[in-house]
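Colleague: predicted model and sequence follow; I will ask about them next.
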Amino acid sequence: MVIERRYTACAKTILVGEHAVVYGADAVAMPLHDMRLELSVRQESHDTNRPLLHIELGGQPVSPQLVEVAREAARLLDIPNPGLKIAGNSSILTGAGLGSSAALCVALLRAMAGAYGREISNEDLARLANQLEQAFHGTPSGLDTNVVAHERVIGFTRQGGSRPVSVRGNWQFALIDSGERCATNIMIERVAPWFRNPETSQRRIDRFNGLAASAINALESANHDELARAMNDASHLLSEAGAMTPVLHELRDAAMASGALATKLTGAGGGGCLLALLPAQDPEGAKKFLNRLDNHLGARPLIPVTLKGTPYP
């Protein structure tokens, strides 16, 4: 009997620290539990001299690049000759700064490890997934794969890795899709001069470190105003660096006019999504707020997001 197993990974968004984390700054990120990539995997009989690795996403065969990523996942897990049929679907927007490639790398490793009985900790999962992400983003910091692997809010530095953040209370956000897309490596090159300026670089990294500390303190103390200040200040800095577009600025104005406490881009920028922090209020009040924001946005997709309180593990 062929046994089919299912494995998933979530999306993510960054509260503070896009781009800056690449240069050693602190960052804070949270999982998006309701946006997920799901893989079903089953072992296939095959000639051991001819490995079989068949992958489909959304009912369509994937690119040769992605097949190579899967082969690399098998190598990292010490699976020398994988015979697997993997099929997947995803509700994660691609190219929108929501960690679609990190989710794919994490889910691939989970699926292959599960199919072959390999034990893998969340720490190893994040580390190996970050190696796989190099196929998509060159030298990723590790932030995305860490928050996706652990599925909880984390603080992160490239040198020190991840640490869990306790979240007090429930928080309401909204994701607004700009409809624009830009490759991560292009945006990294675009903002690099702003971060690498020898006269200002350390001061700017220190500023991001302070904003990350404020964001963590805000989450731990349920201080919406403090998180709003941190997000808005981070948004201003990323705009200075050149990561915002005119469309993102328009969406920011619409969200703030609707009563959002803060907005900032997600991921590398140049398009993608805008994350809006909503006021703390009862569920019915939040629904009315989202309706008001939706009316301001017109046809722009609007995705409600709830971050639930989580204690330290």
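Modeller: Yep, it's here. Numbering: from 1, shown residues only.

Colleague: what ranges do the strands span in the stretch 1-150 of the chain?
Modeller: Assignment of strands within the stretch 1-150 of the chain using DSSP state E, counting those that start in this stretch yields the ranges 4-16, 27-43, 52-57, 60-61, 83-90.

Colleague: run the chain-centre distance for the first one.
Modeller: Relative to the chain's own centre, strand 4-16 is displaced by 8 Å; criterion: CA atoms, centre = their mean, to the nearest Å.

Colleague: which parts of it are buried?
Modeller: Tyr7, Thr8, Ala9, Cys10, Ala11, Lys12, Thr13, Ile14, Leu15, Val16 (16 or more other CB atoms under 10 Å). (Glycine included, C-beta is placed from N, CA and C.)

Colleague: any chance of JSON lines for the residues you listed, columns pLDDT and distance to Gly242?
Modeller: Converted to JSON lines, the buried residues of strand 4-16 look like this (pLDDT from 0 to 100; distance: CB to CB, whole Å):
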{"residue": "Tyr7", "pLDDT": "94", "distance to Gly242": "38"}
{"residue": "Thr8", "pLDDT": "95", "distance to Gly242": "35"}
{"residue": "Ala9", "pLDDT": "97", "distance to Gly242": "31"}
{"residue": "Cys10", "pLDDT": "97", "distance to Gly242": "29"}
{"residue": "Ala11", "pLDDT": "97", "distance to Gly242": "25"}
{"residue": "Lys12", "pLDDT": "97", "distance to Gly242": "23"}
{"residue": "Thr13", "pLDDT": "97", "distance to Gly242": "20"}
{"residue": "Ile14", "pLDDT": "97", "distance to Gly242": "17"}
{"residue": "Leu15", "pLDDT": "97", "distance to Gly242": "21"}
{"residue": "Val16", "pLDDT": "97", "distance to Gly242": "18"}
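
Colleague: Asn170: which of those residues is nearest?
Modeller: Leu15 (15.3 Å; CB to CB).

Colleague: ok, and the closest non-adjacent residue to Leu76?
Modeller: Leu128 (4.9 Å; CB to CB, 6 or more residues apart in numbering).

Colleague: show the contacting residues for the one you found.
Modeller: Listed by CB atoms under 8 Å, 6 or more residues apart in numbering, the contact partners of Leu128 are Ala73, Leu76, Leu77, Leu109, Ile120.

Colleague: got it, and Ser239?
Modeller: Each residue near Ser239 by CB under 8 Å, 6+ apart is listed here: His249.

Colleague: wait, Asp225 touches Leu261, no?
Modeller: Yes. In this structure, Asp225 is within contact of Leu261 by CB atoms under 8 Å, at 7.4 Å.

Colleague: between the two, which one's more packed in?
Modeller: Neighbour totals were compared for Asp225 and Leu261, and Leu261 leads with 20 against 12 (other CB atoms under 10 Å).

Colleague: many thanks, I have nothing further to ask.
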